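Q: below is the structure, and that's it, no one-letter string:
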Ligand code: KG4
Ligand code: ZN
């Protein structure tokens, strides 16, 4: 019988050090070390992030190996995030992965972070549907770094149909959260406070962007101006209206995303939608997409379990595994890239 490959995946593109070991498509261990220090700066400080990856990476690898109950010599290949992301952070993961690959004499597999968010749906039992999406499908990647609609024809045949022209949706949520007095990352805090809010209380204008592209910077400024104006009238405005403000913002964001996906369905004729990235753990976005699928019987929505929405090592390991199975090994001479690169 063919041996089931064991892959270790390293994620270090931003502020989370993620290390995961998978056997075939099932997760043996998945360690994430969050860098909480950035909370007090209102966003990720790149210099601090890379130093902390350097401090945390060995700890995360040792823990992942221990929990997976495997020996080092059982690992068939190592995969790591090559980009996009913060260059200093990426370099820590790359240096570790290259040394590990050379030390053990195993293949090195580079991973595109955005592709990995989408391919995390191929981890066994990673999504709430408990099934793998069939090709072709439309991937909606909504995270702190990216907002994209991607046509996925096959594991490594992806085509970008739309992207944000400025801020990503997560970035806009994080910046709005800071305006409201919350800490970084703000998305989950806005979600928390929205729970008992009236989502129709405040109306913000939706960005008018043609085609399948997005824009969130104007929306963010619109919210900022509105809050400043209200604070001039009533200094306690934010304090007194927090649930309604959060619910209204969240609702509009969910509507913007759903409207674009409806457009993409019409344009491509593909009605299988796969959500990925940290913002896809938001309950209102999930609820609106699922209710859309309920009303449109031909539409299928794939949603990840929360732990696989935000950055993690398992998404890097599964992408590595899919490359390993196709002999898509990489050279030891690769270098990380910070900006988005075409797949
Ligand atoms: O995928 P991710 O961990 O990192 C990137 O690749 O960027 O996404 C992080 C983003 C942050 O902007 C964070 O505020 C947002 O995901 N986020 C959420 C929620 N959980 C995380 N946004 C809205 N609702 C949430 N529950
Ligand atoms: Zn990410």
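A: Sure thing, it's come through. Given the structure is predicted, the values throughout are model-derived calculations rather than measurements. Ligands and ions are numbered 1, 2, ... in the order given.

Q: skipping adjacent residues, who's closest to residue 241 in space?
A: Computed as C-beta to C-beta, 6 or more residues apart in numbering, the closest residue to residue 241 that is not its neighbour in sequence is residue 201, at 7.4 Å. All C-beta atoms are positioned from the backbone trio N, CA, C, and that covers glycine.

Q: my bad, residue 137
A: Nearest to residue 137 is residue 272, by C-beta to C-beta, 6+ apart, at 4.0 Å.

Q: hang on, the one you found packs against residue 139?
A: No - Residue 272 is not in contact with residue 139 according to C-beta atoms under 8 Å; the separation is 9.9 Å.

Q: how about the residues of this structure by ligand 2?
A: 143, 311 (C-beta under 5 Å from the ion).

Q: and the most centrally placed residue in the chain, what pLDDT?
A: Closest to where the C-alpha atoms of the chain average out (C-alpha atoms, centre = their mean) is residue 277, at 2.4 Å. Reading off the confidence values, residue 277 has pLDDT 97.

Q: ok, it - contacts?
A: 117, 141, 142, 143, 146, 170, 309, 310 (C-beta atoms under 8 Å, 6 or more residues apart in numbering).

Q: and it, its phi and psi?
A: With angles defined as degrees, to the nearest 10, residue 277 sits at phi 100, psi 160.

Q: for whichever residue of the stretch 201-343 of the chain sits closest to ligand 1, give its distance to residue 315.
A: Here the stretch 201-343 of the chain gets closest to ligand 1 at one residue, residue 278, 2.3 Å apart by C-beta to the nearest ligand atom. Here residue 278 is placed at a distance of 12 Å from residue 315 (C-beta to C-beta, to the nearest Å).

Q: between the two, which is the more surrounded one?
A: Using other C-beta atoms under 10 Å, the more surrounded residue of residue 278 and residue 315 is residue 315, with 33 against 26.

Q: for the residue of the chain most remote from its centre, give me the backbone phi and psi.
A: Most distant from the centre of the chain: residue 233, at 38.3 Å, with distances by C-alpha atoms, centre = their mean. When quoted as degrees, to the nearest 10, the phi and psi of residue 233 stand at phi -80, psi -40.

Q: mind listing what it touches?
A: Contacts of residue 233 (C-beta under 8 Å, 6+ apart): none.

Q: tell me where the stretch 101-250 of the chain has helices.
A: 113-119, 169-179, 187-194, 217-233, 237-268 (DSSP state H, counting those that start in this stretch).

Q: let me see the mean pLDDT of the last one.
A: For helix 237-268, the per-residue pLDDT values average out at 97.

Q: going on from it, what's the next piece of helix or strand?
A: Once the chain leaves helix 237-268, the next helix or strand it forms, by DSSP states H and E, is strand 272-276.

Q: hmm, that next one touching ligand 1?
A: No - using C-beta under 6 Å from any ligand atom, strand 272-276 never reaches ligand 1; the gap is at least 7.9 Å.

Q: which phi and psi does the nearest residue to residue 244 once chain neighbours are set aside have?
A: Once flanking residues are discounted, residue 244 sits nearest to residue 201: 3.9 Å by C-beta to C-beta, 6+ apart. Note on residue 201: backbone dihedrals following degrees, to the nearest 10 are phi -70, psi -40.

Q: identify the residue nearest whichever residue of the stretch 151-300 of the chain sits closest to ligand 2 in space, chain neighbours excluded?
A: In the stretch 151-300 of the chain, the residue that lies nearest ligand 2 is residue 277 (5.7 Å; C-beta to the ion). Excluding its sequence neighbours, the residue lying closest to residue 277 (C-beta to C-beta, 6+ apart) is residue 143, at 3.3 Å.
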